[in-house]
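**Q** sequence and predicted structure are below.
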Amino acid sequence: MKVQATHIETKIAKYSFVGDFMQLVKVRLTSMVVFSSVASFLIASSFTVSWGYAVLLALGGFFVAGASNALNEVLEKDYDILMSRTMDRPIAAGRMSMATGVLIAGLMSLVGISLLSLFNPLTGFLGMLSLILYAFVYTPMKRQSSVAVMLGAIPGAMPMLIGCVAFEGYISALGLALFAFLFLWQIPHFWAIGYLGFEDYNKAGYKFIPEQDGQIAHRVKLQSVAITLFMTLASVSFLYMDEFSFFAVSLMVLSGIGFSYTAYKFLKQTDRSSALQLMFGSIIYLPLVLVIMMIDKVF
């Protein structure tokens, strides 16, 4: 028993607080949130704003998204320890107390919402709503139903709307279109992750991945194809909104075709390789389309 205790203490000691903090706030996921929010802000403004405002939005978005992720880890600590990919998270592994996690989340949410509110009250409200939906609606729903995926896509898509509202001060057609874009993108992205972690999620008792005969349901794969095709076709609507050039929209459509192809391979093959292709395809597609939009606004 003493040897085991010494091993645990040694393992805990080798981690730094900075490293644990980065794990707690899921810094890579949070960075993607910040990128999408700032991208939509620059798209809505056509790059006419000071970079200082973009930095302020990035900081506000980072704190709110980080707080949401920290609360998620606090609430799921008993389930994280059951999954190989999450058992090393600081609270689940015992390197950080729940009280510390809650304190960090509370301070970050306070600072983040305050920073977003400097743009206008609606931006701050949307940031707060995003945090509440992610931590207190999506997180517990994951153990109940596959509806959680759709619910989770709402706060997941909120950064795009927040970026537009931060500049425009109201919910515009562009803001809603970018929100819908990110909302839909998350579904095939998440189904790919769900397939790759299917056994882990089941072991921890999560219910948000539809099953059929002990396997991920066929409708999940059909849904991935349908959504990626719809996103590809819907890109054309940006022409009618007079937001982007024909050349930019053409590049979006071509990118969407590539994304749809990875979803089609996942439908036909349904193995680890095709799931990884869909996941990485989605990770490439999102920033690629946002960069296309931003470059088009510059030129």
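**A** Received the coordinates, thanks. Numbers count the residues shown, from 1 in each chain.
**Q** pLDDT below threshold where in this structure?
**A** 1-15 (pLDDT under 70).
**Q** how is it carved up into domains?
**A** Domain assignment for the chain by automatic domain parsing gives 1-170, 172-299.
**Q** which positions within stretch 278-298 qualify as buried?
**A** The neighbour-count check on stretch 278-298 (16 or more other C-beta atoms under 10 Å) flags 278-279, 281-282, 285-286, 288-290, 292-294, 296-297 as buried. All C-beta spots, glycine's among them, are computed from the backbone N, C-alpha and C.
**Q** can I get those in JSON lines including secondary structure and distance to residue 139?
**A** Listed next are the buried residues of stretch 278-298 as JSON lines, based on DSSP: H, G, I helix; E, B strand; the rest coil; distance: C-beta to C-beta, whole Å:
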{"residue": "278", "secondary structure": "helix", "distance to residue 139": "24"}
{"residue": "279", "secondary structure": "helix", "distance to residue 139": "22"}
{"residue": "281", "secondary structure": "helix", "distance to residue 139": "27"}
{"residue": "282", "secondary structure": "helix", "distance to residue 139": "22"}
{"residue": "285", "secondary structure": "helix", "distance to residue 139": "26"}
{"residue": "286", "secondary structure": "helix", "distance to residue 139": "23"}
{"residue": "288", "secondary structure": "helix", "distance to residue 139": "30"}
{"residue": "289", "secondary structure": "helix", "distance to residue 139": "28"}
{"residue": "290", "secondary structure": "helix", "distance to residue 139": "27"}
{"residue": "292", "secondary structure": "helix", "distance to residue 139": "33"}
{"residue": "293", "secondary structure": "helix", "distance to residue 139": "31"}
{"residue": "294", "secondary structure": "helix", "distance to residue 139": "32"}
{"residue": "296", "secondary structure": "helix", "distance to residue 139": "37"}
{"residue": "297", "secondary structure": "helix", "distance to residue 139": "35"}
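**Q** closest one of those residues to residue 211?
**A** Residue 211 lies nearest to residue 278 out of the buried residues of stretch 278-298, by C-beta to C-beta, at 18.7 Å.
**Q** so that closest one sits against residue 188, correct?
**A** Yes - shown here, residue 278 and residue 188 form a contact pair, counting by C-beta atoms under 8 Å, at 6.3 Å.
**Q** name the residues contacting each of the two.
**A** By C-beta atoms under 8 Å, 6 or more residues apart in numbering, residue 278 and residue 188 have these common neighbours: 224, 263.
**Q** number of nearby residues for residue 51?
**A** 10 (other C-beta atoms under 10 Å).
**Q** any idea how far it is from residue 45?
**A** From residue 51 across to residue 45, the span is 11 Å (C-beta to C-beta, to the nearest Å).
**Q** cool, and residue 142?
**A** The gap separating residue 142 from residue 45 is 36 Å, by C-beta to C-beta.
**Q** equivalent analysis for residue 82, please.
**A** 45 Å.
**Q** now do the strands in the chain.
**A** 211-212, 215-216 (DSSP state E).
**Q** return the most buried member of those.
**A** Compared across the strands of the chain, strand 215-216 shows the largest average neighbour count, a mean of 14 (mean count of other C-beta atoms under 10 Å).
**Q** elements contacting it?
**A** Packing partners of strand 215-216 (3 or more C-beta pairs under 8 Å, 6 or more residues apart in numbering; DSSP states H and E): helix 173-196.
**Q** please export the C-alpha coordinates of the helix it packs on as PDB.
**A** Below are the C-alpha coordinates for helix 173-196, written out as PDB (Å, rounded to 0.1, in the frame of the first residue of the first chain):
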ATOM      1  CA  ALA A 173     -28.800  37.400 -41.000                       C
ATOM      2  CA  LEU A 174     -25.000  36.900 -41.300                       C
ATOM      3  CA  GLY A 175     -24.700  36.000 -37.700                       C
ATOM      4  CA  LEU A 176     -27.500  33.400 -37.900                       C
ATOM      5  CA  ALA A 177     -26.000  32.000 -41.100                       C
ATOM      6  CA  LEU A 178     -22.600  31.600 -39.500                       C
ATOM      7  CA  PHE A 179     -24.200  30.100 -36.400                       C
ATOM      8  CA  ALA A 180     -26.000  27.600 -38.500                       C
ATOM      9  CA  PHE A 181     -22.800  26.800 -40.400                       C
ATOM     10  CA  LEU A 182     -20.900  25.900 -37.100                       C
ATOM     11  CA  PHE A 183     -24.000  24.200 -35.600                       C
ATOM     12  CA  LEU A 184     -24.200  21.700 -38.600                       C
ATOM     13  CA  TRP A 185     -20.400  21.200 -38.800                       C
ATOM     14  CA  GLN A 186     -20.300  19.900 -35.300                       C
ATOM     15  CA  ILE A 187     -22.600  16.900 -35.900                       C
ATOM     16  CA  PRO A 188     -20.500  14.900 -38.400                       C
ATOM     17  CA  HIS A 189     -17.400  16.000 -36.500                       C
ATOM     18  CA  PHE A 190     -18.800  14.600 -33.300                       C
ATOM     19  CA  TRP A 191     -20.200  11.400 -34.800                       C
ATOM     20  CA  ALA A 192     -16.600  10.600 -36.000                       C
ATOM     21  CA  ILE A 193     -15.300  11.200 -32.500                       C
ATOM     22  CA  GLY A 194     -18.200   9.100 -31.100                       C
ATOM     23  CA  TYR A 195     -17.300   6.200 -33.300                       C
ATOM     24  CA  LEU A 196     -13.600   6.300 -32.300                       C
END
